[in-house]
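Colleague: Next come a sequence and a model predicted from it.
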Amino acid sequence: MPKLTVNGVEVEVEAGATVLQACEEAGVEIPRFCYHERLSIAGNCRMCLVDMERAPKPIASCAMPAGDGMVISTETDRVKKAREGVMEFLLVNHPLDCPICDQGGECDLQDQAMGYGFDESRYQENKRAVSEKQMGPLIKTVMTRCIHCTRCVRFSTEVAGIPELGAIGRGESVEITTYLEKTLASELSANVIDLCPVGALTSRPYAFVARPWELTKVESVDVTDAQGSNIRVDARGAQVLRVLPRLNEQVNEEWISDKARYAIDGLRRQRLDRPYLRGADGRLHPASWNDAFDAIAKVMKKARPAQMGAIAGDQVDAEALFALKSLFDKIGSPHIDCRQDGAKLNARQRSSYLFNSTIEGIDTADALLIIGSNPRIEAPVMNARIRKRYLNNRIPVAHLGPEAELTYPVSYLGDEIDVLTKIAAGKHPFAKIMKSAKRPMIIVGMGALRRADAGAIQGLLRELSDKVGVVTADWNGYNVLHTAAGRVAGLDMGFVPGKGGLDVDGMLKAAYAGDMKLVWLLGADEIDTTKLENSFTIYQGHHGDKGATVADVVLPGAAFTEKEGLYVNFEGRVQMTQRATFPPGEAKEDWAIIRALSDRLSSSLPFDSHAAVRAALVAAVPHFGNIGEIKPARWVKFGRTGALKSDAVQAGLSQFYMTCAMSRASETMAECYRAADQNSAEMAAE
């Protein structure tokens, strides 16, 4: 490892490190605009100039490999003058419109102009002006501010995998643009806003909404998919105004999906802010909490335990799941289920439903088989990690399911499940590839696991995993990709049918037949609600979505930004949301609603505070107490033998933008959905 001296301090860095990284290792700040540690080196801006002993002129530290014996100086007069000159050139055509720029207050150009720039301009000519570009409903462009650092171009090409953004023109005529002036076709497109060091690319939905110093900032996790990307929620008063990514190398690095960033405007629309009761006229009418509880208690006291069921939705926190499970355990009903899409997942076999290799494990995989999943829309940030692994090591990837563009080359195996039988029998070319790999990986999605023959598919994959080395003493590459943020927590605590209990499909059929007198929907909207017309339905949630429209009683709950709650992502990592705002109107936290109702049913639950319900949860399932950690699952036998059906393999999700109550209420997501449709139509026409 090379040793070099930076401002008189000797440092040792890893082979391949740059001089800029060596300077940071020595505790010296180096200004930069084009350099970003997750992107390729461009060396465009020249702001990172430093002096190197025996070099005739300052060097660009971001592009210079650190060498043994180098002597670097960052505080000489020559370096100071060079940086001032670079900054002066960068500001030659900049409009200097900081008072009306949304980047103001968190702008790299502002900060570095103050720290390293010159205090006056010598340029008297007219400034260049560049027209705005069309990049879709999420990105607002003021390209006159652009300094051509090309971070956005490199991100879209290298990370997002959509080479639709680039530079045209030469010299002073260079412009950054989408080549065909259309929406960026990526689920990660808005990350270029965070990358832009000036105000050229800013958030269109957030334009002129607030300044950074007006906001209260809370660390949380995203629940729009099951990856649990770490985010920061910025709020002012009672409104969440924006969501930004938070660094977590193990989960999302520093990227988030467009849905995680922008679906939050759905929190301001179609909210449930008070209880409702369905009257004799068939309409829902506002009611008090006492009236709502009385109506529920009246039905629950008359019904037998076997005539009551509960279905939990995709974004429910662990505390609410545990409270509802505790209530139904106490009244003696075995009919509970958190798998509202009908996925055949066994809660007693944890390794059968986890992403066992962890997300970081993708970085060491050397072969990948994807079954019944489209990672690009089900977990776009994880899909970018697969792309990174492919670019670094050219690993072979095969895909079984509907044909899709995954941003990296794949061997498409079709959508017939028989291909899986051939791979397991070693009669398919990809079986040999997996057998020769040191760390092969399987990703199976909900498209395969919600089929009627899911048990046989799991058994076949279990056999394949042992046969080709997907699971060894130091590696478990069998992975399930969930699409629901609350699913793994529900499975971990056993929110599944008990002995003699019905699953979601069974409960809906029984309700339609009139045998299920009461169905409790805890944020459950992705079900066939038409089958609930013959049962007394309770809907507890935060939006007036599908479930609320058929409910006899509506109980207003809190969204994930309005409560502190535990979520477990698809790799089994326990994470926590924090309250950024309070629920609207009379809405309450979900666990508190269930606890209050339990008193009316003479089945009082043994906790009276959030701390108490979490303590009870941790006592029942200890790993919920290890925030940020993963409890590895023991590799056990699961699945069954049996014939596979001839149905085509589907993906877990058919589209990205509107998949939950919050995103369906979001105007921004609706715009993105329309723009994506328009892009698809234009591509089909071409």
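Modeller: Thanks, I have it.

Colleague: Where do the strands of the stretch 101-250 of the chain begin and end?
Modeller: Taking DSSP state E, counting those that start in this stretch as the test, the strands found in the stretch 101-250 of the chain are 139-141, 165-168, 175-178, 201-203, 216-221, 230-236, 239-245.

Colleague: Identify whichever of those lies nearest to A454.
Modeller: A454 lies closest, by CB to CB, to one member of the strands of the stretch 101-250 of the chain: strand 216-221, at 28.1 Å. The C-beta positions use only the backbone N, C-alpha and C, and glycine is treated the same way.

Colleague: and the spatially closest residue to V419 that is not a sequence neighbour, how many neighbours?
Modeller: Nearest residue to V419 in three dimensions, chain neighbours excluded: L413, at 4.8 Å (CB to CB, 6 or more residues apart in numbering). Look at L413: counted by other CB atoms under 10 Å, it has 21 neighbours.

Colleague: Please determine how far L413 is located from M382.
Modeller: L413 sits 21 Å away from M382, going by CB to CB, to the nearest Å.

Colleague: likewise R246?
Modeller: 16 Å.

Colleague: picking that back up, could you export the strands of the stretch 101-250 of the chain as CSV, including mean pLDDT, distance to S535 and mean neighbour count?
Modeller: CSV is the format used below for those (pLDDT from 0 to 100; distance: least, CB to CB, whole Å; neighbours: other CB atoms under 10 Å):
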stretch, mean pLDDT, distance to S535, mean neighbour count
strand 139-141, 95, 46, 22
strand 165-168, 90, 52, 16
strand 175-178, 90, 51, 21
strand 201-203, 96, 44, 22
strand 216-221, 97, 34, 18
strand 230-236, 97, 37, 21
strand 239-245, 96, 35, 20
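
Colleague: How about L354: what's its closest non-neighbour residue?
Modeller: G572 (4.8 Å).

Colleague: Which residue of R246 and M382 possesses the greater neighbour count?
Modeller: Shown here are R246 and M382; by other CB under 10 Å, M382 has more neighbours (27 against 19).

Colleague: which residue is nearest the middle of this protein?
Modeller: Centroid check for the chain by CA atoms, centre = their mean gives S229 as the closest residue, at 4.6 Å.

Colleague: Contacts only, for that one.
Modeller: Residues in contact with S229, defined by CB atoms under 8 Å, 6 or more residues apart in numbering, are V221, D222, P245, N248, V251, N252, W255, I256, S257, A260, V381.

Colleague: since we're on G426, how many residues are nearby?
Modeller: Neighbours of G426 under the rule other CB under 10 Å: 13.

Colleague: what helix or strand is it on?
Modeller: Using DSSP states H and E, G426 is not contained in any helix or strand.

Colleague: Show the pLDDT at it.
Modeller: We have a pLDDT of 89 for G426.

Colleague: ditto for the one 4 residues further on
Modeller: Here, the pLDDT recorded for F430 equals 94.

Colleague: and it, what does it touch?
Modeller: Contact analysis of F430 by CB under 8 Å, 6+ apart lists L369, P396, A398, S411, L413, I423.

Colleague: Low-confidence stretches in the stretch 201-350 of the chain?
Modeller: Under the criterion pLDDT under 70, no range of the stretch 201-350 of the chain is flagged.

Colleague: Skip the chain neighbours and tell me the closest residue to the residue nearest to the centre of the chain.
Modeller: Nearest to S229 is N252, by CB to CB, 6+ apart, at 3.8 Å.

Colleague: quick one: that neighbour and D225 touch, right?
Modeller: No: applying CB atoms under 8 Å as the test, N252 and D225 come out as separate, 10.4 Å apart.

Colleague: quick one: which of those two has more around it?
Modeller: Shown here are N252 and D225; by other CB under 10 Å, D225 has more neighbours (30 against 27).

Colleague: Just to check, the more buried one is in contact with G486?
Modeller: No: the criterion here is CB under 8 Å, and D225 misses it with G486 at 11.5 Å.

Colleague: show me where pLDDT drops low in this structure?
Modeller: For the chain, the stretches flagged by pLDDT under 70 are 680-686.

Colleague: and K298, what helix or strand is that in?
Modeller: Per DSSP H and E, K298 falls inside helix 289-302.

Colleague: Tell me if A456 really is in a helix.
Modeller: Yes: A456 sits within a helix when classified using DSSP: H, G, I helix; E, B strand; the rest coil.

Colleague: give me every residue that touches I386.
Modeller: By CB under 8 Å, 6+ apart, the contact list for I386 reads I362, L368, P375, V397, L406, Y408.

Colleague: would it count as being in a helix?
Modeller: Yes: applying three-state DSSP, one finds I386 inside a helix.

Colleague: Distance check, it against D363.
Modeller: To D363, I386 is 10 Å away according to CB to CB.

Colleague: what's the answer for I336, then?
Modeller: Separation of I336 from D363 (CB to CB) stands at 38 Å.

Colleague: likewise T561?
Modeller: 31 Å.

Colleague: what does W635 give?
Modeller: 21 Å.

Colleague: For the nearest residue to D552 once chain neighbours are set aside, list the residues it contacts.
Modeller: Spatial nearest neighbour of D552, chain neighbours left out: R278 (4.6 Å); criterion: CB to CB, 6+ apart. With contact taken as CB under 8 Å, 6+ apart, R278 is in contact with L284, H285, A551, D552, V553.

Colleague: quick one: contacts of stretch 462-469?
Modeller: Stretch 462-469 is contacted by residues 352, 420, 423-424, 426, 431, 434-435, 437-438, 440, 442, 470-471, 475, 477-478, 637-639 when judged by CB under 8 Å, 6+ apart.

Colleague: swap the cut-off to 7 Å and go again
Modeller: Here stretch 462-469 makes contact (CB atoms under 7 Å, 6 or more residues apart in numbering) with 423-424, 431, 434-435, 440, 442, 470-471, 478, 637-639.

Colleague: Drop anything exposed from those.
Modeller: Buried subset of the contacts of stretch 462-469 (neighbour count, 16 or more other CB atoms under 10 Å): I423, A424, A431, M434, P440, I442, V470, V471, Y478, F638, G639.

Colleague: Now for those: which two are most distant?
Modeller: A431 and F638 (20.9 Å).
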